[in-house]
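Novice: Just the structure for this:
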Amino acid sequence: MIDVKVLIGVSLALLGAVFLNVGKGLEKMKVHVFAQKWNMFRKPHRRDLGIWLLGMCMTASYGILQWGAMSFVSNPSLIVSMTGFGLVALVIFAVRVIGERVTRKEFVGIGIIVICTVLMPYFQSESTAVVMDLEAVNIEEGQAREISDEVRPAVTGTGKYRFLGQEVLEDALEKMELPRSGLSEKELVKLGNHLKVQRIIGGRVVASDQTHTVSLQIFNTQTSTVEKAVEKKCNDYSDPEIFALASSAVGDLFPARYNLMNLFLGTLVPLAAFVVLCAVALASKRLHGFSFGALSGFLNAIAALLTKVSWVHVGTNASVFEQLKYPFLYIALIFGIGATVLTQVGFWRDRAIIVVPTFMSVCIISPAVLEYFVFGNYLQMVQYIFMGGIIAGVIFLSLSTPEEILAVELEDTGAPGSGNG
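Specialist: Numbers count the residues shown, from 1 in each chain. Take a look at the predicted model:
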């Protein structure tokens, strides 16, 4: 039986991917309206400007639809894979609506990119986890439960794992007739196998005459070992102090992990290379779509990484307003605007069928590589192979010579010398 929630989530993701790519196509179709300068606000150019703005709105809606899809589907790999199908919509739109012509090499390149983009996310490994109630030792169960309620959102807010909902954990404990806290090693393994989670976060609250102690640990259900444990003590028995102690313990268990220096160093060389590539393209009057598509895609990737740094810095459960206290989102916005401007430059000088697949490819590859240096995340070996396939697809896109492109255009128009005249 089809899961309705999954169906809705996939549909939203697919719609978002189509809107993103067709929106880019509309931008390309009417980007030359800016040549009219202030006249673009007057008839008859106002209609073209409206179509371009519609394309921008469709592109912007991609993020909203992706967010909506994630609320229905817990597997982000399934959502990201829809991006590849969006490129198919772009090809159809570019050929049928814009009237762009595609060479055999470009068809091969786009096909490779679509296949690798669709398959790559399915091999993404993501650790799942649950958060148990803290065991009460010499303290009332109700007070320990309150401290647990304080710890749980702090732990899930780290975004370290994909956390199952509390209702799922409680249902499992009830079915297995297990207590809410204080499980033995054997019981933790049994619970992990039942829930199919790799990590269980738990601990205890201990009260003595002099101190309160909060201890937390990460238990690996696959290796039956405690990966990490922390312990914090305080002499104040007031609730605010104990809650602060618990939050401090969570901070020690899951320290915010990002390296801004690695982000700066990791982006500096590729950014300089893409800028030089664009300069060469302008000088040689070739490969504009490939060059500006790659540079805009890389700027967009930097913006995405800075947005993630912002979430990691304040915790995934924090509000956007909390993130606004720090500079990361503002810098990300600047890079995002730069990516939008450079995409329009690419559209001005080349075909959407070149600009958009190159843009999307760099958007996928760059964060996958840089996340290892910034956040310590890494991919599976097979995913690096698919990344190589995406790069190969982009190379195929850039191989068509002006003569081959002209030959395809002449063949389609039936001009003399094309073999149809």
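Novice: And the strands in the chain?
Specialist: 128-131, 135-137, 162-163, 199-207, 212-220, 225-234 (DSSP state E).
Novice: May I see the buried residues of the second one?
Specialist: Judged by neighbour count using 16 or more other C-beta atoms under 10 Å, the buried positions of strand 135-137 are E135, A136. To be clear about C-beta, it is placed using only N, CA and C from the backbone, and glycine gets the same treatment.
Novice: now for that strand, which elements pack on it?
Specialist: helix 141-156, strand 199-207 (3 or more C-beta pairs under 8 Å, 6 or more residues apart in numbering; DSSP states H and E).
Novice: in the protein, what secondary structure element scores lowest on mean pLDDT?
Specialist: helix 76-80 (a mean of 60; mean pLDDT, DSSP states H and E).
Novice: Please name whichever of the strands of the chain is nearest to A272.
Specialist: With C-beta to C-beta as the measure, strand 162-163 is the member of these nearest A272 (36.2 Å).
Novice: Partner strands of that closest one and their direction?
Specialist: When pairing is defined by DSSP bridges, strand 162-163 lines up against strand 128-131 (parallel).
Novice: Tell me which residues are up against the partner strand.
Specialist: 151-152, 155-156, 160-164, 166, 168-169, 191, 195-202 (C-beta atoms under 8 Å, 6 or more residues apart in numbering).
Novice: Drop anything exposed from the residues you listed.
Specialist: Buried among the contacts of strand 128-131 (16+ other C-beta under 10 Å): 151-152, 155-156, 160-161, 163-164, 169, 191, 195, 197-202.
Novice: ok, back up a step: got the helices and strands packed on strand 135-137 as JSON lines, with mean pLDDT and distance to W311 columns?
Specialist: Listed next are the helices and strands packed on strand 135-137 as JSON lines, based on pLDDT from 0 to 100; distance: least, C-beta to C-beta, whole Å:
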{"stretch": "helix 141-156", "mean pLDDT": "87", "distance to W311": "13"}
{"stretch": "strand 199-207", "mean pLDDT": "92", "distance to W311": "19"}
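Novice: want to throw those into a markdown table with distance to I391?
Specialist: As requested, the helices and strands packed on strand 135-137 are exported to a markdown table (distance: least, C-beta to C-beta, whole Å):
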| stretch | distance to I391 |
| --- | --- |
| helix 141-156 | 36 |
| strand 199-207 | 34 |
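Novice: Would you mind telling me which of the ones you listed is nearest G251?
Specialist: Nearest of the helices and strands packed on strand 135-137 (C-beta to C-beta): helix 141-156, 8.0 Å.
Novice: Using CSV, write out every CA atom in that closest one.
Specialist: The C-alpha trace of helix 141-156 is given here as CSV (Å, rounded to 0.1, in the frame of the first residue of the first chain):
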residue,chain,number,x,y,z
GLU,A,141,11.0,10.9,39.2
GLY,A,142,9.0,14.1,38.4
GLN,A,143,12.1,16.3,38.7
ALA,A,144,14.2,13.9,36.6
ARG,A,145,11.4,14.0,34.0
GLU,A,146,11.6,17.8,33.9
ILE,A,147,15.4,17.7,33.4
SER,A,148,14.9,15.1,30.6
ASP,A,149,12.4,17.4,28.9
GLU,A,150,15.1,20.1,29.1
VAL,A,151,17.8,17.8,27.7
ARG,A,152,15.8,16.3,24.8
PRO,A,153,15.3,19.3,22.6
ALA,A,154,18.8,20.4,23.3
VAL,A,155,20.1,17.0,22.0
THR,A,156,17.8,16.9,19.0
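Novice: So which elements touch it?
Specialist: The helices and strands touching helix 141-156, judged by 3+ C-beta pairs under 8 Å, 6+ apart, are strand 128-131, strand 135-137, strand 199-207, helix 239-253.
Novice: Turn the ones you listed into CSV, including distance to A229.
Specialist: Output for these, formatted as CSV (distance: least, C-beta to C-beta, whole Å):
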stretch, distance to A229
strand 128-131, 15
strand 135-137, 14
strand 199-207, 8
helix 239-253, 8
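Novice: So L14 sits against T83, correct?
Specialist: No: in this structure L14 lies outside contact range of T83 using C-beta atoms under 8 Å: 9.7 Å.
Novice: More neighbours: these two, which one.
Specialist: Higher neighbour count among L14 and T83: T83, with 25 against 19, using other C-beta atoms under 10 Å.
Novice: who touches the more buried one in this structure?
Specialist: So T83 contacts A17, L20, T117, M360, I364 (C-beta under 8 Å, 6+ apart).
Novice: If I average pLDDT within each of the strands of the chain, which one is lowest?
Specialist: Among these, strand 162-163 has the lowest mean pLDDT, at a mean of 84.
Novice: need the strands of the chain in CSV with distance to E371, can you?
Specialist: CSV is the format used below for the strands of the chain (distance: least, C-beta to C-beta, whole Å):
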stretch, distance to E371
strand 128-131, 19
strand 135-137, 35
strand 162-163, 16
strand 199-207, 20
strand 212-220, 21
strand 225-234, 21
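Novice: if we compare these, which one ends up closest to P121?
Specialist: Short answer: strand 162-163, nearest of the strands of the chain by C-beta to C-beta, at 14.1 Å.
Novice: rewinding a little: so which of the contacts of T83 belong to helices?
Specialist: Per DSSP state H, helices hold the following members of the contacts of T83: A17, L20, T117, M360, I364.
Novice: wouldn't the third one be in contact with I364 here?
Specialist: Yes: counting by C-beta under 8 Å, T117 does reach I364; the two are 6.4 Å apart.
Novice: Pull the number of nearby residues for N39.
Specialist: Neighbours of N39 (other C-beta under 10 Å): 13.
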